[in-house]
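Colleague: No letters, just coordinates:
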């Protein structure tokens, strides 16, 4: 009887924990884009914004959040002139800010941190230093709970929220690159227009430094490269993006060292970014990432095609191979069958059907 009671409460607790996880994931999916936008606008790390929103609003389910759209527990303060509600917190009947929608709450949270003098030191930290931000917020008095920083850190680590900070950083770089590339192009056009007999004047100054920047803009102009895959997928020349990351489509016979040199990346890092080991010359056309792939994809799952293996999936989706293996309870020597779902953001409910291939036959270049 005691065993039955123990099992009953154990499974009830497990079910509650799973329900809370589902609510948290739903909250992240709903507000991740706003958090990314706010980071680009103000510099507040997306990971911190999401973790605070989850914690302060109980994933949007708290009474305060429901009646005021206040996701961050920000009180009125003397300078607040907007709508307000009253809610019991540290003291009874305290004044809290009220917003017309969630987006306004996220924007005010960013402005609140950006414009208050006691948070200024946080903006000197690396945006990916979420632990520094978490302890800094606690030290500056954002919350009174003793374990506030630890709770933020736990949420960020459990749900890989730092990925969204990385996405924001990548988007910000891409925007800067496009602007700089546009400036370079306009300068070149001005020079070419002014040259006699319509001769083209090559601007060689700082060509190495601007090469990858110009490639971003050129990728919109160049014809697509047809792959040798049965799906006849086509990719643009130069740099483009997959899962918010910079990537190129390299052809068979290209030396990885030449790619590393062209884009000013250490060869060992280039290999790491692409889950490669001791590769030298590409044996087939393939995607090559110029940044470290993310732990999560831009969609929930990928449906396996007849010509794909785990490595091609991780490249096509811009997700680290180790995370794809972890989410789907697979090993490198397992070949998922066509039509199976490979989960990219969270653990698969069941392991996909697969066939086993010999370890010596597994190769990241055998595609």
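Modeller: Perfect, thanks for sending it. As the structure is a prediction and not an experimental result, all values here were calculated from the model.

Colleague: So in terms of bridging, what pairs with residue 289?
Modeller: residue 247 (DSSP bridges).

Colleague: What's the local residue count around residue 116?
Modeller: 13 (other C-beta atoms under 10 Å). All C-beta spots, glycine's among them, are computed from the backbone N, C-alpha and C.

Colleague: ok, residue 252 to residue 282 distance?
Modeller: From residue 252 across to residue 282, the span is 6 Å (C-beta to C-beta, to the nearest Å).

Colleague: low pLDDT regions in the stretch 1-150 of the chain?
Modeller: For the stretch 1-150 of the chain, the stretches with pLDDT under 70 are 1-20.

Colleague: can you do 80?
Modeller: By pLDDT under 80, the weakly predicted segments of the stretch 1-150 of the chain are 1-21, 89-90.

Colleague: which residues of it fall in strands?
Modeller: For the stretch 1-150 of the chain, the strands defined by DSSP state E, counting those that start in this stretch cover 84-87, 94-97.

Colleague: And the first one, what's buried?
Modeller: Pointing back at strand 84-87 there. Buried residues in strand 84-87, counted by 16 or more other C-beta atoms under 10 Å: 85, 87.

Colleague: Stretch 78-85 too?
Modeller: Within stretch 78-85, the residues scored as buried using 16+ other C-beta under 10 Å are 80, 85.

Colleague: CSV please, covering the strands of the stretch 1-150 of the chain and showing distance to residue 305.
Modeller: Shown next, in CSV, are the strands of the stretch 1-150 of the chain (distance: least, C-beta to C-beta, whole Å):
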stretch, distance to residue 305
strand 84-87, 52
strand 94-97, 50
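
Colleague: For residue 31, find the nearest of these.
Modeller: Among these, strand 94-97 comes nearest to residue 31, with 17.4 Å by C-beta to C-beta.

Colleague: higher neighbour count, residue 252 and residue 282?
Modeller: Between residue 252 and residue 282, counting by other C-beta under 10 Å, residue 282 is the more crowded of the two (18 against 12).

Colleague: Let me know the distance separating the more buried one from residue 160.
Modeller: Look at residue 282 and residue 160: by C-beta to C-beta, they are 30 Å apart.

Colleague: again, but for residue 145
Modeller: Distance, residue 145 to residue 160, by C-beta to C-beta: 23 Å.

Colleague: So the two - more neighbours on which side?
Modeller: Taking neighbours as other C-beta under 10 Å, residue 145 and residue 160 compare with residue 160 leading, 17 against 11.

Colleague: The more buried one: what secondary structure?
Modeller: Under the three-state scheme (DSSP: H, G, I helix; E, B strand; the rest coil), residue 160 adopts coil.

Colleague: Was I right to think it contacts residue 295?
Modeller: Yes - with contact defined as C-beta atoms under 8 Å, residue 160 counts as touching residue 295 (4.9 Å).

Colleague: burial count for the residue lying closest to residue 144 once chain neighbours are set aside?
Modeller: Of all residues not flanking residue 144 in the chain, residue 90 sits nearest, at 6.2 Å (C-beta to C-beta, 6 or more residues apart in numbering). A count of nearby residues for residue 90, using other C-beta under 10 Å, gives 8.

Colleague: again with residue 315
Modeller: Neighbour count for residue 315, taken as other C-beta under 10 Å: 22.

Colleague: And it, how close does it get to residue 236?
Modeller: Applying C-beta to C-beta to residue 315 and residue 236 gives a distance of 16 Å.

Colleague: excluding its backbone neighbours, what's nearest residue 67?
Modeller: Spatially, and ignoring its direct neighbours in sequence, residue 67 is nearest to residue 85 (6.0 Å; C-beta to C-beta, 6+ apart).

Colleague: hey, what's that neighbour bridged with?
Modeller: Applying DSSP bridges, one finds that residue 85 bridges with residue 96.

Colleague: In contact with the closest residue to residue 75 other than its chain neighbours, which residues?
Modeller: Once flanking residues are discounted, residue 75 sits nearest to residue 96: 5.5 Å by C-beta to C-beta, 6+ apart. Counting by C-beta atoms under 8 Å, 6 or more residues apart in numbering, residue 96 makes contact with 64, 68, 70, 73-76, 84-87, 89.
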